[in-house]
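**Q** Structure, please.
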Amino acid sequence: MALFAIGDTHLSLSANKPMDVFGGGWTGYVDKLSAGFRALVAPEDTVVIAGDVSWGMSLEEAEKDFAFLDALPGKKLLLKGNHDYWWTTVSKMTRFFAEHGFTTLEILHNNCYFYGETALCGTRGWFYEEDQNGHNEKVFNRELIRLEASLKAAGERRKLCFLHYPPCYEGYRCPEIIALMERYGVEDCYYGHLHGGSHRLAAQGRQGGLSYHLIAADFLGFRPLKIMD
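**A** Residues are numbered from 1 along each chain as shown. All right, here's what the predicted structure looks like:
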């Protein structure tokens, strides 16, 4: 049994918004994701998918994307990303998965999951560029509340934190989110969102009390990153 993570699968099997148009590493990315999962992940493993899962605008439009993920090996814990427009309440998503026979998909949102003695915590997070797009303090504070709820649910267990947005970036830090993770003793933070040339600006390795890891799919070559056995 092993734990993996990857972000930004950006599936669009029904939405007709493939990432192949960006060229480079994104060419054939759906096949690369399938091959990467099948080469590394066993049915008993767990994979955290850190947001931007599907371009679908509704659960119904994202159904083929969910079916694709469900057919891949391992249990998948899904976080919300800034492009997950299909996202609704946890109860509605859980019911949709059950009604469609998707048995390997679960939602990481206002909660945490336990991998042995390690707690898997997370939320979408916040990115400074969002301030330029009409978002406000209320949205940011809601993300802080969700993150703290997830961390509290972990109790005294070792904690890993998964975010969609990077909390630390060249020339930028989100002090409130970083402070929360440090206060609750998070050891490692895994995040996505950054693509292409932005990879070089990503925070990687130890900074302060945390170790940071970029897990955007194109950065990983569309192969989930193994975190622990």
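**Q** so who does the residue nearest the centre of the chain touch?
**A** Nearest to the geometric centre of the chain sits residue 50, at 0.4 Å (Cα atoms, centre = their mean). Residues in contact with residue 50 (Cβ atoms under 8 Å, 6 or more residues apart in numbering) are 5-8, 79, 81, 122, 162-164, 190-192, 215. All C-beta atoms are positioned from the backbone trio N, CA, C, and that covers glycine.
**Q** Now the two most distant members of those.
**A** 8 and 122 (14.4 Å; Cβ to Cβ).
**Q** out of these two, which sits in the busier spot?
**A** Set side by side, residue 8 and residue 122 show more neighbours around residue 122, with 30 against 25, by other Cβ atoms under 10 Å.
**Q** Direction included, what does the helix or strand of the chain with the lowest mean pLDDT pair against?
**A** Least confident helix or strand, the chain: strand 172-173 with a mean of 84, by mean pLDDT, DSSP states H and E. The strands beside strand 172-173 in its sheet (DSSP bridges) come out as strand 168-169 (antiparallel).
**Q** unless I'm mixing things up, residue 220 is touching residue 6, no?
**A** Yes: Residue 220 is in contact with residue 6 according to Cβ atoms under 8 Å; the separation is 6.0 Å.
**Q** Which residue of the two possesses the greater neighbour count?
**A** Using other Cβ under 10 Å as the criterion, residue 220 and residue 6 rank with residue 6 on top: 25 against 20.
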